[in-house]
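**Student:** the sequence isn't on hand, but the structure is:
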């Protein structure tokens, strides 16, 4: 019985995590994708807080990893109202976009669905800041569909 419960719990957690992320394949190389994401952030007038190169950090520790770079960015005029509505939203802000390559060298982009973050923090999916985040991240995805 306990084993069955753990299997069901594992399936539930896996299902939620997949549906909470938007992931799509880039039609560009890893390096070109990084440049495109950085350009997109600048063109939208967003503040780029930090870029974390997980592969570089792994290499410094003597470990191997495929390309894996995290962009952390946002707009305080969008994020602050979310944190004023529920301070726990601060754990998911600023926005994060992950660019990574798989073992076959294909490049992907992932980000958290704003609507799932709103549920996580007990806010309405219709919150104006959630709508703004969804729109901008949707435009990022569209920019790679070209």
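**Tutor:** All right, it came through fine. Remember, it's a predicted structure, so these values are computed and weren't measured experimentally.
**Student:** can you give me the strands for the chain?
**Tutor:** 21-25, 47-53, 68-74, 95-101, 107-112 (DSSP state E).
**Student:** any chance of CSV for those strands, columns mean pLDDT?
**Tutor:** Shown next, in CSV, are the strands of the chain (pLDDT from 0 to 100):
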stretch, mean pLDDT
strand 21-25, 96
strand 47-53, 98
strand 68-74, 98
strand 95-101, 98
strand 107-112, 98
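**Student:** TSV please, covering those and showing mean neighbour count.
**Tutor:** C-beta coordinates here come from the backbone N, C-alpha and C atoms, glycine included. TSV is the format used below for those (neighbours: other C-beta atoms under 10 Å):
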stretch	mean neighbour count
strand 21-25	14
strand 47-53	14
strand 68-74	19
strand 95-101	20
strand 107-112	18
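**Student:** now those in CSV, please, with extra columns for distance to residue 127.
**Tutor:** Shown next, in CSV, are those (distance: least, C-beta to C-beta, whole Å):
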stretch, distance to residue 127
strand 21-25, 18
strand 47-53, 20
strand 68-74, 15
strand 95-101, 15
strand 107-112, 15
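**Student:** pLDDT below threshold where in the chain?
**Tutor:** 1-18 (pLDDT under 70).
**Student:** try 90
**Tutor:** 1-19, 145-146 (pLDDT under 90).
**Student:** just give me the residue right at the centre of it.
**Tutor:** The centroid of the chain falls nearest to residue 111 when counting by C-alpha atoms, centre = their mean (2.1 Å).
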